[in-house]
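Chemist: show me how the following folds:
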Amino acid sequence: MSRPGGWWQDKSTPAKVETYTRWSFHFFALIEITTIGLPLFANVPGTLSWCLFPLVCGHSVLCAVTASRTLDWTRGTRDRPRRMLTALAVTTALVAVVALTLSGTDWRPATDDEVRLGASMFVGVIAFGTGTLALGTRDRRRMAHVVVGATVGAGAASFPLGFPGPATLIITGTVLLTAGFLAFTAAFSVWLLNAVYELDAARETRARLAVAEERLRFGRDLHDVMGRNLAVIALKSELAVQLARRGRPEAVDQMTEVQRMARESQREVREVVRGYREADLTVELAGARGVLTAAGIACEVTGSAPGLPTQVQSALGWVVREATTNVLRHGDARRCGVSLRVADGKVTLTVENDGVPDAVAAGPGAGEGPGAGEASGPGGGTGPRGGSGPGGGSGLVGLRERLAELDGTLRAGPADGGTFRLTAEIPMPEQPMAEQPEPHPSETHPLEADPLEADPSEPHPSAVPVPRRANEVRP
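Modeler: Alright, predicted model coming up:
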């Protein structure tokens, strides 16, 4: 069962602004009927009022439909409604002429109430019609021309019907002010709607650029690390082949150097990957606050990371990054709280938000087992769909693997008050964890130990001059 107001909360920010803009123009139709149509029954004889009221209602409905179609055209989802704009202009002119006739002519005298009501009907119909017609153009000058044209037309239609000069000037000035105000309101609403959509597109572009920049950085680091080493390895391998074909003993030295450089390249690549995958908790907390605030989610961060061991900060930093991603990706949270505290020999990180979808709130998702919390939900992992399986390093599976290395636990699931809570706990070590130096590849992989140990009395293989091309080797 969907919660009240879910249809509104499920909309994105641009969609909410568009819905608000559309219903604002629809509300103009209600204002026209209320302020112009209903007073007819109190000031005009019964038969005539029932004839004029449908005209006002029809004009207001036509304005609302035309505004909706022109907004679709503004968003690029529909062609420009030229016929509807033309029909609205003609209808506005006809209803305005009828309103002037109601105000009294030489052949039909009118009462004071009918004069006032006719003048207000004349001004209101032209104002609402002109404001809607202004939506049909994207040029500010043309909008001004629409307003000026409606004002001149109102003045020109007043003289032939016998209105005195002062009354005509008053009506013309009132039409200019009201029509100009509604046209400005329409233009500003469209500009604001387009600006919101452009900002949303810019935010998505910025996110894509950030990912692309990170990929370029990672590729640049790999190129810097591997480019020279691979070139030297290829050249020395080719040289060793040429030396071996000639029966030269230096071939062994060259292959020993190739083996050394291969292991050195492996070590450097591990350092690059480790630096790429490690997450700093302080940076991640600040980044989470900035990203969620930019997305319109109130984010409160309590606690500080300084003083925690490096491994603990890295593991919790990945928890913050994954939780922040899922808060943005799932549900429609309005508030998110991140707390970090150290108590009873444990470090506890809690991420809680109020954007839990109904499917997650209704079903089980909390726990610490392999299948716990695998439902897609804010603050939790993406589960089987979002995780990449064992060793994947993403989703709840990857987070649990990272925390398990430090004897930590992860719980994710719905909490009280319609919120979703993700909790990570890591026991504090008795002594601060220090970064261990990278072991030599031969120690890590004993089966890959160098079978060719150089004699200390022999010169180091790197001291052997390397020709620029393998075909420079002389017998």
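Chemist: just for the stretch 1-150 of the chain, where's the confidence low?
Modeler: Residues of the stretch 1-150 of the chain that meet the criterion pLDDT under 70 lie in 1-6, 103-110.
Chemist: how many neighbours does Gly227 have?
Modeler: By other CB atoms under 10 Å, 10 other residues sit near Gly227. Any C-beta I mention is one placed from the backbone N, CA and C, and that applies to glycine too.
Chemist: please, which helix or strand holds it?
Modeler: Secondary-structure assignment from DSSP states H and E places Gly227 in helix 165-245.
Chemist: immediately after that helix, which helix or strand?
Modeler: Heading C-terminal from helix 165-245, the first helix or strand you meet, by DSSP H and E, is helix 250-277.
Chemist: in that next one, which residues are buried?
Modeler: Within helix 250-277, the residues scored as buried using 16 or more other CB atoms under 10 Å are 251, 253-261, 263, 265, 268.
Chemist: and it, what's its mean pLDDT?
Modeler: For helix 250-277, the mean pLDDT works out to 82.
Chemist: what's that helix packed up against?
Modeler: Packed against helix 250-277 by the contact rule (3 or more CB pairs under 8 Å, 6 or more residues apart in numbering; DSSP states H and E) you find helix 165-245, helix 441-444.
Chemist: just to revisit the earlier point, and the angle from the helix holding Gly227 to helix 250-277?
Modeler: Between helix 165-245 and helix 250-277, the angle comes out at 160 degrees (axes from the mean of the first three to the mean of the last three CA atoms, to 10 degrees).
Chemist: return stretch 240-251 as CSV; C-alpha atoms alone will do.
Modeler: Provided in CSV are the C-alpha atoms of stretch 240-251 (Å, rounded to 0.1, in the frame of the first residue of the first chain):
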residue,chain,number,x,y,z
ALA,A,240,67.9,-12.3,-24.7
VAL,A,241,66.4,-14.3,-27.6
GLN,A,242,69.2,-12.9,-29.9
LEU,A,243,71.9,-13.7,-27.4
ALA,A,244,70.5,-17.3,-26.8
ARG,A,245,70.5,-18.0,-30.5
ARG,A,246,74.2,-17.1,-30.6
GLY,A,247,74.9,-19.1,-27.5
ARG,A,248,76.0,-16.1,-25.5
PRO,A,249,75.8,-16.5,-21.7
GLU,A,250,74.6,-12.9,-21.3
ALA,A,251,71.1,-14.2,-22.2
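Chemist: how far off centre is it?
Modeler: 61 Å (CA atoms, centre = their mean, to the nearest Å).
Chemist: show me what counts as buried in that stretch.
Modeler: 240, 242-243, 248, 251.
Chemist: now stretch 90-103
Modeler: 91-93, 95-96, 98-100, 102-103.
Chemist: avg pLDDT for the helix holding Gly227?
Modeler: Mean per-residue pLDDT for helix 165-245: 84.
Chemist: so what does that helix touch, helix or strand wise?
Modeler: Helix 165-245 sits against helix 13-32, helix 46-74, helix 112-133, helix 140-158, helix 250-277, with contacts defined as 3+ CB pairs under 8 Å, 6+ apart.
Chemist: between helix 13-32 and that helix, find me the angle.
Modeler: Compare the direction of helix 165-245 with that of helix 13-32 by the same axes, to 10 degrees and you get 170 degrees.
Chemist: what's the first-to-last distance across stretch 100-117?
Modeler: End-to-end distance for stretch 100-117, by CA to CA, to the nearest Å: 10 Å.
Chemist: where does pLDDT dip in the stretch 251-400 of the chain?
Modeler: Those would be 274-279, 294-295, 330-331, 356-395, if you go by pLDDT under 70 across the stretch 251-400 of the chain.
Chemist: hang on, the earlier thing: which of the buried residues of stretch 240-251 sit farthest apart?
Modeler: Ala240 and Arg248 (9.3 Å; CB to CB).
Chemist: hang on, the earlier thing: distance to Ile297 for the helices and strands packed on helix 165-245 - can I get that in JSON lines?
Modeler: Formatted as JSON lines, the helices and strands packed on helix 165-245 follow (distance: least, CB to CB, whole Å):
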{"stretch": "helix 13-32", "distance to Ile297": "11"}
{"stretch": "helix 46-74", "distance to Ile297": "28"}
{"stretch": "helix 112-133", "distance to Ile297": "36"}
{"stretch": "helix 140-158", "distance to Ile297": "36"}
{"stretch": "helix 250-277", "distance to Ile297": "27"}
